[in-house]
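Asks: I would like to see how this sequence folds:
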Amino acid sequence: MDIAEVSMALANASVLSQVGTAVLDKALDASRELGAGIVQIMDAAAMELSVNPNVGANFDIRV
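Replies: Have a look, this model is predicted:
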């Protein structure tokens, strides 16, 4: 292997590493947004239970 091939291999590895880091950053951002949405939904459900604590506690089934 000569110096040019080593240089190209290192540059290619550097680019692949940067691309991988960018993809992981996007995935982390998406996970944060999803988590924030889940927390917001859970807060809304907790608010409903605090206003109407008996809603959904009992239900009638007739067959």
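
Asks: where does pLDDT dip in the protein?
Replies: 1, 49-50, 55-57 (pLDDT under 70).

Asks: tell me the centre residue of it?
Replies: In the chain, the C-alpha nearest the mean C-alpha coordinate belongs to residue 31, at 1.2 Å (CA atoms, centre = their mean).

Asks: what about that one, distance to residue 39?
Replies: 13 Å (CB to CB, to the nearest Å). C-betas here are computed from N, CA, C, even on glycine.

Asks: same check, this time on residue 12
Replies: Distance, residue 12 to residue 39, by CB to CB: 41 Å.

Asks: what's the answer for residue 8, then?
Replies: From residue 8 to residue 39 the distance is 47 Å (CB to CB).

Asks: could you do residue 3 as well?
Replies: 54 Å.

Asks: do residue 7 as well
Replies: On the measure of CB to CB, residue 7 and residue 39 end up 48 Å apart.

Asks: quick one: the helices in the protein?
Replies: 3-51 (DSSP state H).

Asks: residues near residue 14, how many?
Replies: For residue 14, the count of nearby residues is 10 (other CB atoms under 10 Å).

Asks: er, residue 10 I mean
Replies: 10.

Asks: also residue 58?
Replies: 6.

Asks: who has more neighbours out of residue 3 and residue 39?
Replies: residue 39 (10 against 7).

Asks: and that one, how far is that from residue 32?
Replies: 11 Å.

Asks: same check, this time on residue 60
Replies: Applying CB to CB, the value for residue 60 to residue 32 is 42 Å.

Asks: comparing these two, which residue is more hemmed in?
Replies: residue 32 (10 against 4).

Asks: return the distance of that one relative to residue 18.
Replies: 21 Å.
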